[in-house]
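Undergrad: the amino acid sequence is not available; the structure is as follows:
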């Protein structure tokens, strides 16, 4: 760890035996915020992640367990890298460190860029936390054709469908696009949409890193105290 780096835990809600895959979101955050050192882990026994109410319910106690272990290891904040914010409220009730949900972080950042928000996700409806945070500002939500879970986004067909859906959102008049699935960060979809569709795009993983940065880094805490 570099001097003055802050340690952040990141929980992936899709199970993988590949630590390289598990580390992808943490590495994305570190690339944007080198002041952070991100330690990533995944929850067990959910190889297709969270994509409906049942898998969300299954994940929540697992997220809490991993978050407790990360807190015991000394991290200064925990990011739950899923748009449904699974287990976030549960973790906040049991742990004293900041718990950051990708869904609420991404939605909050969208509102700084516009009031006509369009979202892309992998479920039939927008994640509840995203819909609640954005309210009437969420004017459209689309699930790319043929994309049923985050693994579909790893295919060329799934990625093409996601770009097509982004174009459709632009045609509907949105000002900002929110990626409502953290698996879209894995494939770098935000940059692809920005280059081709030419709209601001919020990557929820990067948004989570931004919140973690301002929550944990000493320089920003000190700056906030003196009004910088």
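TA: Thanks, I have the structure now. Fair warning: this is a prediction, and the values are worked out from it, not measured in the lab.

Undergrad: so where do the strands sit in this structure?
TA: Using DSSP state E, the strands of the chain run over 6-12, 36-42, 77-81, 99-101, 117-120, 138-142, 176-179, 201-202.

Undergrad: report the strands that pair with the shortest one, each with its relative direction.
TA: Listed by DSSP bridges, the sheet partners of strand 201-202 and their directions read strand 176-179 (parallel).

Undergrad: with the first one instead?
TA: Using DSSP bridges, strand 6-12 pairs in its sheet with strand 36-42 (parallel), strand 77-81 (parallel).

Undergrad: hey, which of these is tucked in deepest?
TA: With neighbours defined as mean count of other CB atoms under 10 Å, these peak in mean count at strand 77-81, which reaches a mean of 29. From N, CA and C alone the C-beta is placed, and that goes for glycine too.

Undergrad: got the contact list for it?
TA: 6, 8-13, 25, 29, 38, 63, 67, 70-71, 86-88, 91, 95, 97-102, 182, 204-205, 208-209, 212, 215-216 (CB atoms under 8 Å, 6 or more residues apart in numbering).

Undergrad: just the buried ones from those residues?
TA: Taking 16 or more other CB atoms under 10 Å as the criterion, what is buried in the contacts of strand 77-81 is 6, 8-13, 25, 29, 38, 63, 67, 70-71, 86-88, 91, 97-102, 182, 204-205, 208-209, 212, 215-216.
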